[in-house]
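Trainee: Sequence and predicted structure are below.
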Amino acid sequence: GNSVTQMEGPVTLSEEAFLTINCTYTATGYPSLFWYVQYPGEGLQLLLKATKADDKGSNKGFEATYRKETTSFHLEKGSVQVSDSAVYFCAQDLFGGYQKVTFGTGTKLQVIP
Amino acid sequence: DAMVIQNPRYQVTQFGKPVTLSCSQTLNHNVMYWYQQKSSQAPKLLFHYYDKDFNNEADTPDNFQSRRPNTSFCFLDIRSPGLGDAAMYLCATSRGLAGGPRYNEQFFGPGTRLTVL
């Protein structure tokens, strides 16, 4: 079936460190891929997306590239800030007349000063 | 600002006492979703409305119902809450795909945290 697997957290980094959160997917067909972010006490916000192979999504210094050959969509940021502390969800859509999104289990990131 | 609003943000109910959670949107989106998110877990889709068409997920318990009286509002009714229903409930919307691009972003509300005593 269709699923998303992401690295378990929590991930603790010092400010200005490099961030990678791994995400792989299994899907029949070619899904769109997303990273959502959830700050404490809030709902999810779309961080970035990629709709086809080799697309790179980017936003707020975060990047992720849709790699069909490795079925991956790893999230990266060159220099994290304390304000990036949140839970990050990798997700894919299942095209069916509406956007039914399958989420990974989330990775909690804590950035310390 | 256009947005998705959920009320209340925190809801406490007693075991077995019906409760209703509310979601409204000013985005004029066709699709509205309800998710259940338990601690440290991914959001789990319960059901969604595409306009007035209701779509239930196969594993959503019968205890959960939904109503969408108009485009702007959608309600989640829990008929007899159990302790296991304590969770964050997230409402989301999207434009829908009729005649549009394949991809549509989902816009989430802040969630309602439900406590069952």
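Mentor: Everything's here; your move.

Trainee: Residue A:103 and residue A:91 touch, don't they?
Mentor: Yes - contact criterion C-beta atoms under 8 Å: residue A:103 and residue A:91 qualify, at 4.7 Å. Backbone N, C-alpha and C define where each C-beta goes, glycine included.

Trainee: what does chain B put close to chain A?
Mentor: Contact residues (C-beta under 8 Å from any C-beta of the partner chain) of chain B with chain A: B:4, B:6, B:31, B:40-43, B:45, B:48, B:50, B:55, B:90, B:92, B:94, B:96-97, B:102-106, B:108-111.

Trainee: cutoff 7 Å now
Mentor: Proximity of chain B to chain A (C-beta under 7 Å from any C-beta of the partner chain) is limited to residues B:31, B:41-43, B:45, B:48, B:50, B:90, B:94, B:96-97, B:102-106, B:108-111.

Trainee: So for residue A:103 and residue A:91, which residue has more residues nearby?
Mentor: Using other C-beta atoms under 10 Å in any protein chain shown as the criterion, residue A:103 and residue A:91 rank with residue A:91 on top: 26 against 22.

Trainee: now that one, which residues is it bridged with?
Mentor: residue A:34, residue A:103 (DSSP bridges).

Trainee: I'd say it and residue A:101 touch.
Mentor: Yes - Residue A:91 is within contact range of residue A:101, at 4.9 Å (criterion: C-beta atoms under 7 Å).

Trainee: Identify the contacts common to residue A:103 and residue A:91.
Mentor: Residues touching both residue A:103 and residue A:91 (C-beta atoms under 7 Å, 6 or more residues apart in numbering or on different chains) are residue A:4.

Trainee: same question for stretch B:50-58, mean pLDDT?
Mentor: For stretch B:50-58, mean pLDDT is 90.

Trainee: Ends of that stretch, what's the gap?
Mentor: By C-alpha to C-alpha, to the nearest Å, the extent of stretch B:50-58 from end to end equals 17 Å.

Trainee: if I look at the residue nearest the centre of chain B, how far off is residue B:51?
Mentor: Closest residue to the average C-alpha location of chain B: residue B:34 at 2.4 Å, with C-alpha atoms, centre = their mean. For residue B:34, the distance to residue B:51 equals 16 Å [C-beta to C-beta, to the nearest Å].

Trainee: can you check residue A:21 too?
Mentor: Separation of residue A:21 from residue B:51 (C-beta to C-beta): 36 Å.

Trainee: who has more neighbours, the two?
Mentor: The neighbour comparison of residue A:21 against residue B:51 (other C-beta under 10 Å) goes to residue A:21, with 23 against 13.

Trainee: tally of neighbours for residue B:32?
Mentor: Counted with other C-beta under 10 Å, the neighbours of residue B:32 add up to 25.
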